[in-house]
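Undergrad: missing the sequence, but the structure's below:
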């Protein structure tokens with residue numbers, strides 16, 4: 001166990017002993033009632049865990065995109081959060097993006113830039129961008145290769161956001177490389193001539 005988990009484990013054991021001891025004292029001499037109550041709580045807990053598992057699987061923002069490389073067509077379903085999420089291989093690393101037609105550029109978070117082999121310490125944050133969170137510094141970069149299924153682009157222009165970002169953004173500089181962009185029945189369709 002790591003150093004962080006040992007104190008948490010001790011805390012949970014003490015909490016369990018405290019709650020368990022209090023429960024045993026409350027039901028002293030009433031073993032049947034204790035068993036019924038414990039069973040009810042165990043079933044309720046199991047239902048909550050199962051419900052959470054089912055719900056989190058259904059609302060998972062991970063895209064289930066379909067790429068038809070031979071026709072240059074990509075279909076991305078709208079996620080439960082209302083956005084379109086797409087996974088691109090950037091310099092060989094899979095990175096999840098939110099499609100953002102309001103963003104001018106392909107914008108990488110600092111964490112995603114590092115995953116793509118870009119050392120954030122070597123970046124020159126010479127640009128500024130206005131975002132929903134205010135002004136942030138940006139660093140221009142060139143990505144060696146960006147792949148969306150069988151669709152590949154080289155020397156792709158992007159920026160790294162120096163501020164706090166939860167997801168990288170797939171903006172218009174990349175989307176404009178497609179001949180057709182359409183939203184139809186909850187699916188974002190991108191098409192490029194092959």
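TA: Structure received. If you're wondering where the values come from, they're calculated on a predicted model, not measured in any experiment.
Undergrad: now stretch 174-183: buried residues?
TA: 174, 175, 178 (16 or more other C-beta atoms under 10 Å). C-beta: built from backbone N, CA, C; applies to glycine.
Undergrad: could I get those residues as a markdown table with pLDDT and secondary structure?
TA: Below are the buried residues of stretch 174-183 laid out as a markdown table (pLDDT from 0 to 100; DSSP: H, G, I helix; E, B strand; the rest coil):
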| residue | pLDDT | secondary structure |
| --- | --- | --- |
| 174 | 94 | helix |
| 175 | 93 | helix |
| 178 | 92 | coil |
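Undergrad: C-terminal to the longest strand belonging to the chain, what's the next element?
TA: Longest strand of the chain, by residue count under DSSP state E: strand 134-148. Following strand 134-148 in sequence order, the next helix or strand is strand 151-161 (DSSP states H and E).
Undergrad: residues of that next one that come out buried?
TA: 151, 156, 158, 159, 160, 161.
Undergrad: quick one, helices of this protein?
TA: Ranges of helices in the chain, per DSSP state H, are 5-26, 31-58, 110-115, 172-175.
Undergrad: include distance to residue 19 when you put the buried residues of stretch 174-183 into JSON lines, please.
TA: Formatted as JSON lines, those follow (distance: C-beta to C-beta, whole Å):
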{"residue": "174", "distance to residue 19": "53"}
{"residue": "175", "distance to residue 19": "54"}
{"residue": "178", "distance to residue 19": "57"}
